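K.L.:
Sequence plus the predicted model coming up.
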There are 2 protein chains.
Amino acid sequence: MKLKEFAAQIGLSPTTVSRALSGYPEVSDATRRRVEEEAIRLGYRPNINAVRLATGRAGAIGIVMSQAGQHQFSEFMIGMAERLSKNDIDILVTPMAQDGSRDELQIYRRLAESRRVDAIVVHSPKPDDPRIALLSKLKMPFLVHGRSHTKIAHAWLDIDNEDAIRRATNHLLDLGHKQIGMLNGPTGLTFTRDRASGHRMALEQRGLGYRDDLVLHGEFTDEIGFRNAMRLLSRQDPPTAILAGSMMTALGVYRAARSLGLSVGSDLSVVAHDDVFPFLTAENMAPPLSTTRSSLRSAGGRVAELVMRLLSGSDASEIGELWPTELILRDSSRPIKEGGKE
Amino acid sequence: MKLKEFAAQIGLSPTTVSRALSGYPEVSDATRRRVEEEAIRLGYRPNINAVRLATGRAGAIGIVMSQAGQHQFSEFMIGMAERLSKNDIDILVTPMAQDGSRDELQIYRRLAESRRVDAIVVHSPKPDDPRIALLSKLKMPFLVHGRSHTKIAHAWLDIDNEDAIRRATNHLLDLGHKQIGMLNGPTGLTFTRDRASGHRMALEQRGLGYRDDLVLHGEFTDEIGFRNAMRLLSRQDPPTAILAGSMMTALGVYRAARSLGLSVGSDLSVVAHDDVFPFLTAENMAPPLSTTRSSLRSAGGRVAELVMRLLSGSDASEIGELWPTELILRDSSRPIKEGGKE
DNA sequence: TTGAAAGCGTTACCAC
DNA sequence: GTGGTAACGCTTTCAA
């Protein structure tokens, strides 16, 4: 059923019907109610493509899905999708086949130029991210999940990585650990830098130095977590505690500890960052894992809200939120053993 | 830049340009080449919403994202997205907040009626799935990832769950295991039924019976895997081998074994189904995990192709593919220990 | 092989 | 508060 037919059937003009259904103020309450009821009764639904053509809005928000961090991705996207569906806005997912950074920019360019989306969510930013420059130049509204340090104003939402790791490090220092290993994210990303910075702050506050040799970098997978933990724990002078960048990393760390005959908790303390996945929970690990926690799903929902705010005219420079994290102590972090190793 | 301007600039009619860019046969090769080059040079791109309005196509395929199995979901979606992006088709993700089955149907109904998608991918089907009846009634093209046993013809792609588990069970029987536990999926789903059936086939072929008390059901999470494995392993007469439904389930099984002081491989054999995730690999587990393997990402890509075939007029009843799985033996499945327990 | 013009189903500007 | 009508930017029939 088309607008014209529907309007004719209920004896109103297409204009009025359109206005009633779109919530314009100039329609009388009685008319609006009647139109809404009749629309349901007669099964009228506006053609979404016609609406989009007429309004010039795409009705969708774009997000580029990278191979790395995909388990995080889906959790974040659920959060976005839940929020956006209330406003009838779609999520358009674009995959990134290769990870050459030139290709990556091309994908963003195409997405922006095709005008299939009203805004784009950028994730895992670098301190001076070329995607931000590009989207800004193309005048495509965007929001950064994370932060960048470019001069270009941009809307963003980030968790306080620096504070999270600072507190986690402090916690381990309080327990008496002096040699703390850290499995950080890939070099070059803002959050990796922020976490390093938080770690450094905590150490220096106690008169200890940041130890380049105890901080390893890599993606947040079980495998890389394992390998890097093995490297740390096979040292002459191994750390007595490890900060793991993610739950997957922590799985690898637990495995490494076991394979070396170390007991997590008593021989090796572990604290990880937990994005809160329904399929893998810190509490269920053996032993239960101490974490810095922040819900990726909630972040996704909030990002969706902020993007909509952006689209309704807010200035990008006015949008920026730093979320605190929780530090949750469980059984994987314990006071250092007296008497050293063996 | 609009079609009209662009056409004027290169001295052709909008009609010809449209045809050239859309690959219609009646345009001369020389003209087409020229139009294509100029489009790139001048940066002309058709307005996607206008195209969609004019053609009546939504240019998107819908998929409903359930909370359960979300780590599988994103892997499957990457596969779809990679394939669809070549044809400029979007994926529209709709979240499912609650999991009441009435709500679920409503979501599919809304998605279908809104005409925002040209087709819908249905996953985790039941033997007689109401979503199939609904979409069929609404005349919305759809493809089932998995299978159903309803009379309604439907396009589908599934992996051979029955054969996979039959072979995995045979493998364990060959190793001398007589008591085999199984952590299957949620009851009521087709694949759960198929896996049970494969398990039964293998057992009965050796004159053994299917043991209801050794087969537990639940979603594929680490936590449920752990709990169910604990239940099995705490029996008076515990199984010497366990079939785990997924990698996450296997994580839970390994954990359960460890917490009971059992060594996976020598004390307890484990075989799991592996959907091939980049962030968690069977080979890296300790010990390396024997698996039945089938790439969820490849399946997503193929589903995308089949959906496009469906949209270009193929009959749903002609589309159906059963994919074999690989059985990969690693170190988690070994001959049963002589001499029984202790 | 190319072009003119009539849709596609809305929205939004102007009148009333 | 309501209605007429010109966009929105493309595709597709029909004619040349």
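P.N.:
On my side now, so go ahead.

K.L.:
Could you report the neighbour count for residue A:13?
P.N.:
12 (other Cβ atoms under 10 Å in any protein chain shown). All C-beta atoms are positioned from the backbone trio N, CA, C, and that covers glycine.

K.L.:
For residue B:54, see how far away the residue nearest to it when sequence neighbours are not counted is.
P.N.:
Sequence neighbours aside, residue A:7 is the residue nearest to residue A:13 in space, at 5.9 Å (criterion: Cβ to Cβ, 6 or more residues apart in numbering or on different chains). The gap separating residue A:7 from residue B:54 is 22 Å, by Cβ to Cβ, to the nearest Å.

K.L.:
So between those two, which is more surrounded?
P.N.:
Using other Cβ under 10 Å, the more surrounded residue of residue A:7 and residue B:54 is residue A:7, with 19 against 13.

K.L.:
tell me the contacts of that one?
P.N.:
Contacts for residue A:7 (Cβ atoms under 8 Å, 6 or more residues apart in numbering or on different chains) come out as A:13, A:14, A:16, A:17.

K.L.:
so which strand or helix has residue A:16?
P.N.:
Taking DSSP states H and E as the definition, residue A:16 sits inside helix A:14-21.

K.L.:
For the following helix or strand past that helix, buried residues please.
P.N.:
Using DSSP H and E, the helix or strand that follows helix A:14-21 in sequence is helix A:29-42. Residues of helix A:29-42 classed as buried by neighbour count (16 or more other Cβ atoms under 10 Å in any protein chain shown): A:32, A:35, A:38, A:39.

K.L.:
what's the spacing between the host helix or strand of residue A:271 and its chain's center?
P.N.:
Assigned by DSSP H and E, residue A:271 falls within strand A:269-274. Here strand A:269-274 is found 18 Å from its chain centre; the criterion is Cα atoms, centre = their mean, to the nearest Å.

K.L.:
repeat for stretch A:37-44
P.N.:
Worked out by Cα atoms, centre = their mean, stretch A:37-44 lies 40 Å from the chain centre.

K.L.:
does any part of that stretch sit near DNA strand D?
P.N.:
No: Stretch A:37-44 is not in contact with DNA strand D by Cβ under 7 Å from any atom of the strand; minimum separation 12.9 Å.

K.L.:
The helix holding residue A:16 versus helix A:29-42: what angle between them?
P.N.:
Comparing the axes of helix A:14-21 and helix A:29-42 via axes from the mean of the first three to the mean of the last three Cα atoms, to 10 degrees yields an angle of 90 degrees.

K.L.:
coming back round to it: whichever helix or strand comes after the strand holding residue A:271 - contacts with which helices or strands?
P.N.:
Next along the chain after strand A:269-274, taking DSSP H and E as the criterion, comes strand A:290-293. Contacts defined by 3 or more Cβ pairs under 8 Å, 6 or more residues apart in numbering or on different chains; DSSP states H and E place strand A:290-293 against helix A:161-174, strand A:269-274, strand A:326-328.

K.L.:
between these, which one is nearest to DNA strand C?
P.N.:
Smallest distance to DNA strand C across the helices and strands packed on strand A:290-293 (Cβ to the nearest atom of the strand): 40.5 Å, for helix A:161-174.

K.L.:
Identify each buried residue in the closest one, please.
P.N.:
Buried residues in helix A:161-174 (16+ other Cβ under 10 Å): A:161-173.

K.L.:
With stretch A:199-216 instead?
P.N.:
Applying 16+ other Cβ under 10 Å to stretch A:199-216 flags A:199, A:200, A:201, A:202, A:203, A:214, A:215, A:216 as buried.

K.L.:
what's that stretch in contact with?
P.N.:
Contacts of stretch A:199-216 with the rest of the structure, by Cβ under 8 Å, 6+ apart, involve A:162, A:165-167, A:169-170, A:173, A:178-184, A:196, A:228, A:231-232, A:239, A:243.

K.L.:
could you dump the helix or strand of chain A with the lowest mean pLDDT to PDB, C-alpha only?
P.N.:
Every helix and strand of chain A was ranked by mean pLDDT, DSSP states H and E. The lowest is helix A:101-113, at a mean of 80. The C-alpha coordinates for helix A:101-113 follow below in PDB (Å, rounded to 0.1, in the frame of the first residue of the first chain):
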ATOM      1  CA  SER A 101      46.600   0.600   5.900                       C
ATOM      2  CA  ARG A 102      46.200   2.000   2.400                       C
ATOM      3  CA  ASP A 103      43.400  -0.400   1.700                       C
ATOM      4  CA  GLU A 104      41.800   0.600   5.000                       C
ATOM      5  CA  LEU A 105      41.600   4.200   4.000                       C
ATOM      6  CA  GLN A 106      40.100   3.200   0.700                       C
ATOM      7  CA  ILE A 107      37.400   1.400   2.400                       C
ATOM      8  CA  TYR A 108      36.500   4.400   4.500                       C
ATOM      9  CA  ARG A 109      36.600   6.600   1.500                       C
ATOM     10  CA  ARG A 110      34.300   4.400  -0.500                       C
ATOM     11  CA  LEU A 111      31.900   4.100   2.400                       C
ATOM     12  CA  ALA A 112      31.800   7.800   2.900                       C
ATOM     13  CA  GLU A 113      31.500   8.700  -0.800                       C
END
